[in-house]
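> Need coordinates for the following:
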Amino acid sequence: MGTSTGIALSSGLCPGGVVLLPFPFSDLSETKLRPALLIAETGRGDWICCQITSQPYADPQAVEIDDNHFAKGSLRRISYVRPGKLFTANRSLFRRSLGLISANALESIRKALIAIISSPAASA
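Numbers count the residues shown, from 1 in each chain. Presented below is the predicted three-dimensional model:
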C-alpha cells in the first residue's frame, strides 16, 4: 500500500472523495482525525458522509477498499467503507482530501447503501 497523499481541498469536492475530518470521542472530550467518504452534497456546504475504518469489523455491509480502488490518492492500508454508518458534516470540518475512489468503487458502495435502506429490517 502506498502512503496517503494529501490533495488540496481547493481541487474541489465531489461524491467519491475521501476527506480527513475530526471525529469526536464518545464522551465528546476530544477528537481524532479520521477518513470519510463523500456520498452526496446536500447544500450550504453540508455533505452526507460514510465512515471509513481500517478495522475489519464483523459488518456484513462493509465494502473493502485499497489503493486499487482509487482514481487519485490513497489510504495507507486496506480500509472498509461502512455504508450503514452515515453522518452529515460541513465542508468547514474537512482538513484535507486524501483522494478520490473510482466510479466503480463508488457504485458498489452506493448499491450497498441502497440495499441497507431497502431491506425489510430497515423499514420495520
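> Below-threshold pLDDT in the chain: ranges please.
Along the chain, the model assigns pLDDT under 70 to residues 1-11, 122-124.
> Now do the buried residues in the longest helix that it contains.
The helix that spans the most residues within the chain, counting by DSSP state H, is helix 103-118. Using 16 or more other Cβ atoms under 10 Å as the test for burial, helix 103-118 gives 105-106, 108-110, 112-113. C-beta: built from backbone N, CA, C; applies to glycine.
> likewise stretch 82-92?
Buried, per 16+ other Cβ under 10 Å, within stretch 82-92: 82-86, 89.
> Would you map the helices across this protein?
103-118, 120-123.
> ok, how many other residues are close to the residue nearest to residue 106 when sequence neighbours are not counted?
Computed as Cβ to Cβ, 6 or more residues apart in numbering, the closest residue to residue 106 that is not its neighbour in sequence is residue 16, at 4.2 Å. By other Cβ atoms under 10 Å, the residues close to residue 16 number 21.
> Return the member of the buried residues of stretch 82-92 nearest to residue 49.
residue 89 (5.3 Å; Cβ to Cβ).
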